[in-house]
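Participant: take a look and give me a structure for this.
(one chain, ligands or ions: 1)
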Amino acid sequence: MKKIAIFASGNGSNAENIARHFSGSSLARVSLIVSDNSRAYVLERAASLGIASIVIPRRQWREEAVTVMKVLNGYAPDYIVLAGFLSLVPPELTEAYAGRIINVHPALLPAYGGRGMYGDNVHRAVVAAGDKESGITIHHVNEKYDDGAVIAQYRVSVAPEDTPETLAAKVHELEYRYFSQVIEDELRKLSGE
Ligand code: GAR
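Facilitator: Next up, the predicted model:
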């Protein structure tokens, strides 16, 4: 049974969805939720789901990669999922987990990626630009924001009457529909299935 650690900074609706997806699986289980924000709602979700959670403050992600690695190694996850995680993952970690760390981004990368482009900022920018479509990008994680190799993209049309809020809802729907399955497919590939 593979152990998945989910990193999340805020609400954690994706984290909960992924945890539920794997709760009856014989392949993997979400065994840990890691946040960089002690007030994140994802920590309450973890408690209700009966999943262990830890907080590693934002400063440590920036300045103390060794501590981050030590704490995480104590839980020995096999696979890491970023689901609305806003700190940059240190290179020590992306190297140690190369091919075993995945992110979902709420736009069609390389558009609307990079530092500062997260959550509602992305949807505001897409609506302001008048784009006709948006979507999600599921990708491997390297030492830069939103830069690793793309695994899959899913699209949704943006209507003239869409607001950042309605677009966010459409994009979340795509995330709930596809992200867990892509994670499962990646885990099967890693297990040689
Ligand atoms: C998701 O839409 C995710 O794609 C986005 O944050 C949201 C988190 O929602 N991630 C990023 O913007 C990362 N660059 P959730 O906390 O309800 O899962």
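
Participant: and the protein, which residues reach the ligand?
Facilitator: Residues of the chain lying near the ligand by CB under 6 Å from any ligand atom: 8, 10-15, 83-84, 104-106, 118-119, 122, 171-172, 175. Using the backbone N, CA and C atoms, a C-beta is placed for each residue, glycine as well.

Participant: how about a cut-off of 8 Å?
Facilitator: Selection of the chain residues close to the ligand by CB under 8 Å from any ligand atom yields 8-17, 41-42, 82-86, 103-106, 113, 117-119, 121-122, 136, 145-146, 168, 171-172, 175.

Participant: from the residues you listed, keep the buried residues only.
Facilitator: Taking 16 or more other CB atoms under 10 Å as the criterion, what is buried in the residues of the chain next to the ligand is 8-17, 41-42, 82-86, 103-106, 113, 117-119, 122, 136, 145-146, 168, 171-172, 175.

Participant: related to what we said a few turns ago, just the residues of the chain next to the ligand: which are in helices?
Facilitator: Taking DSSP state H as the definition of helices, these contribute 13-17, 41-42, 119, 121-122, 168, 171-172, 175.

Participant: mind showing which ranges of the chain have poor pLDDT?
Facilitator: Scanning the chain with the threshold set as pLDDT under 70 gives no residue ranges.

Participant: in it, which residue sits nearest the ligand?
Facilitator: Relative to the ligand, the nearest point of the chain is G84 (2.6 Å; CB to the nearest ligand atom).

Participant: with that, I have no additional questions.
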